[in-house]
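In: Everything below, folded, please.
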Amino acid sequence: SAVAFYDKAVDADPDNASERPYLLFSSRGACSLQLKRYRQAMADADKTIALHATFTTGHILKARVCEMTEDWSGMMTSSVRAHDLEPENETALVLCRDALVSLLSDENVHRTGKH
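Out: Numbering: from 1, shown residues only. As a prediction, this is how the structure comes out:
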(Lines give C-alpha, C1' and ligand atoms only; values in the text may rest on other atoms or scores of the structure.)
Protein backbone atom coordinates (compact mmCIF):
# COMPACT_ATOMS: atom_id res chain seq x y z
CA SER A 1 0.00 0.00 0.00
CA ALA A 2 1.00 3.63 -0.36
CA VAL A 3 1.12 4.04 3.41
CA ALA A 4 3.64 1.20 3.64
CA PHE A 5 5.76 2.91 0.98
CA TYR A 6 5.74 6.16 2.96
CA ASP A 7 6.45 4.25 6.19
CA LYS A 8 9.61 2.86 4.58
CA ALA A 9 10.63 6.29 3.33
CA VAL A 10 10.13 7.83 6.78
CA ASP A 11 12.05 4.95 8.40
CA ALA A 12 14.90 5.46 5.92
CA ASP A 13 15.25 9.09 7.05
CA PRO A 14 14.73 9.02 10.84
CA ASP A 15 16.44 12.39 11.32
CA ASN A 16 14.35 14.07 8.61
CA ALA A 17 17.57 15.02 6.84
CA SER A 18 16.19 14.77 3.31
CA GLU A 19 15.64 17.96 1.34
CA ARG A 20 11.88 18.13 2.03
CA PRO A 21 10.91 15.59 4.69
CA TYR A 22 7.60 17.32 5.34
CA LEU A 23 6.38 16.04 1.96
CA LEU A 24 6.70 12.43 3.16
CA PHE A 25 4.56 13.13 6.22
CA SER A 26 2.03 15.15 4.24
CA SER A 27 1.67 12.41 1.63
CA ARG A 28 1.44 9.61 4.20
CA GLY A 29 -1.09 11.66 6.14
CA ALA A 30 -3.23 12.10 3.05
CA CYS A 31 -3.13 8.35 2.42
CA SER A 32 -4.01 7.65 6.06
CA LEU A 33 -6.91 10.07 5.84
CA GLN A 34 -8.27 8.23 2.79
CA LEU A 35 -7.99 4.98 4.74
CA LYS A 36 -9.83 6.56 7.70
CA ARG A 37 -6.77 6.20 9.93
CA TYR A 38 -7.45 9.53 11.54
CA ARG A 39 -5.00 9.28 14.43
CA GLN A 40 -2.10 8.59 12.05
CA ALA A 41 -3.31 11.26 9.63
CA MET A 42 -3.41 13.85 12.44
CA ALA A 43 0.05 12.85 13.68
CA ASP A 44 1.40 13.25 10.15
CA ALA A 45 -0.36 16.60 9.69
CA ASP A 46 1.18 17.82 12.96
CA LYS A 47 4.62 16.55 11.91
CA THR A 48 4.27 18.22 8.52
CA ILE A 49 3.46 21.53 10.19
CA ALA A 50 6.28 21.12 12.72
CA LEU A 51 8.77 20.59 9.89
CA HIS A 52 7.41 23.35 7.63
CA ALA A 53 4.99 25.70 9.37
CA THR A 54 4.26 27.69 6.21
CA PHE A 55 3.38 24.68 4.04
CA THR A 56 -0.30 25.33 3.33
CA THR A 57 -1.02 21.70 2.49
CA GLY A 58 -0.09 20.63 6.03
CA HIS A 59 -2.75 22.92 7.47
CA ILE A 60 -5.30 21.79 4.89
CA LEU A 61 -4.56 18.17 5.77
CA LYS A 62 -5.07 18.94 9.45
CA ALA A 63 -8.34 20.74 8.68
CA ARG A 64 -9.57 17.73 6.70
CA VAL A 65 -8.72 15.34 9.54
CA CYS A 66 -10.57 17.62 11.93
CA GLU A 67 -13.53 17.63 9.54
CA MET A 68 -13.67 13.84 9.49
CA THR A 69 -13.48 13.65 13.29
CA GLU A 70 -16.04 16.46 13.68
CA ASP A 71 -13.58 18.74 15.46
CA TRP A 72 -15.09 21.92 14.02
CA SER A 73 -12.99 24.26 16.12
CA GLY A 74 -9.78 22.53 15.04
CA MET A 75 -11.01 22.55 11.46
CA MET A 76 -11.64 26.30 11.66
CA THR A 77 -8.23 27.01 13.21
CA SER A 78 -6.35 24.96 10.60
CA SER A 79 -8.31 26.22 7.62
CA VAL A 80 -7.92 29.85 8.70
CA ARG A 81 -4.18 29.30 9.05
CA ALA A 82 -4.08 27.80 5.55
CA HIS A 83 -6.06 30.76 4.24
CA ASP A 84 -3.73 33.21 5.99
CA LEU A 85 -0.75 31.53 4.32
CA GLU A 86 -2.33 31.37 0.89
CA PRO A 87 -5.36 33.69 0.57
CA GLU A 88 -6.04 32.62 -3.03
CA ASN A 89 -6.30 28.93 -2.07
CA GLU A 90 -9.91 28.01 -2.78
CA THR A 91 -9.74 24.79 -0.76
CA ALA A 92 -8.74 26.71 2.36
CA LEU A 93 -11.64 29.11 1.85
CA VAL A 94 -14.15 26.27 1.36
CA LEU A 95 -12.86 24.54 4.50
CA CYS A 96 -13.25 27.79 6.47
CA ARG A 97 -16.83 28.10 5.25
CA ASP A 98 -17.64 24.48 6.03
CA ALA A 99 -16.11 24.74 9.50
CA LEU A 100 -18.15 27.86 10.24
CA VAL A 101 -21.37 26.23 9.05
CA SER A 102 -20.66 23.15 11.20
CA LEU A 103 -19.80 25.26 14.24
CA LEU A 104 -23.01 27.26 13.88
CA SER A 105 -25.05 24.12 13.30
CA ASP A 106 -23.62 22.48 16.42
CA GLU A 107 -24.28 25.63 18.42
CA ASN A 108 -27.88 25.67 17.21
CA VAL A 109 -28.33 22.00 18.18
CA HIS A 110 -26.92 22.64 21.65
CA ARG A 111 -29.02 25.77 22.10
CA THR A 112 -32.33 24.34 20.87
CA GLY A 113 -31.83 20.63 21.39
CA LYS A 114 -33.08 20.04 17.82
CA HIS A 115 -31.07 18.27 15.11
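In: alpha carbons only for contacts and neighbour counts from here, please
Out: Will do.
In: Now residue 13: phi and psi?
Out: phi -130, psi 60 (degrees, to the nearest 10).
In: Do I have it right that residue 3 meets residue 31?
Out: Yes. Counting by CA atoms under 8 Å, residue 3 sits close enough to residue 31 to count as a contact (6.1 Å).
In: Who are the contact partners of residue 87?
Out: residue 93 (CA atoms under 8 Å, 6 or more residues apart in numbering).
In: typed the wrong thing, it's residue 74
Out: Contacts here follow CA under 8 Å, 6+ apart; on that basis residue 74 touches 63, 66.
In: per-residue confidence at it?
Out: pLDDT for residue 74: 97.
In: To which secondary structure element is it assigned?
Out: Assigned by DSSP states H and E, residue 74 falls within helix 72-85.
In: buried set for the helix or strand hosting residue 28?
Out: According to DSSP H and E, residue 28 maps onto helix 21-34. Residues 21-33 are the ones in helix 21-34 that count as buried (16 or more other CA atoms under 10 Å).
In: Any buried residues in the helix holding residue 74, and which?
Out: Buried residues in helix 72-85, defined by neighbour count with 16+ other CA under 10 Å: 72-83, 85.
In: picking that back up, show the subsequent helix or strand relative to the helix holding residue 28.
Out: Going down the chain from helix 21-34, the next helix or strand is helix 38-51, by DSSP H and E.
In: So what touches the helix or strand just after that next one?
Out: Note on helix 38-51: by DSSP H and E, the next helix or strand toward the C-terminus is helix 56-68. If you take CA under 8 Å, 6+ apart as the criterion, helix 56-68 is touched by 26, 29-30, 33, 38, 41-42, 45-46, 48-49, 72, 74-79, 81-83, 85-86, 91-92, 95, 99.
In: how about low-confidence regions in this protein?
Out: Applying pLDDT under 70 to the chain flags residues 108-115.
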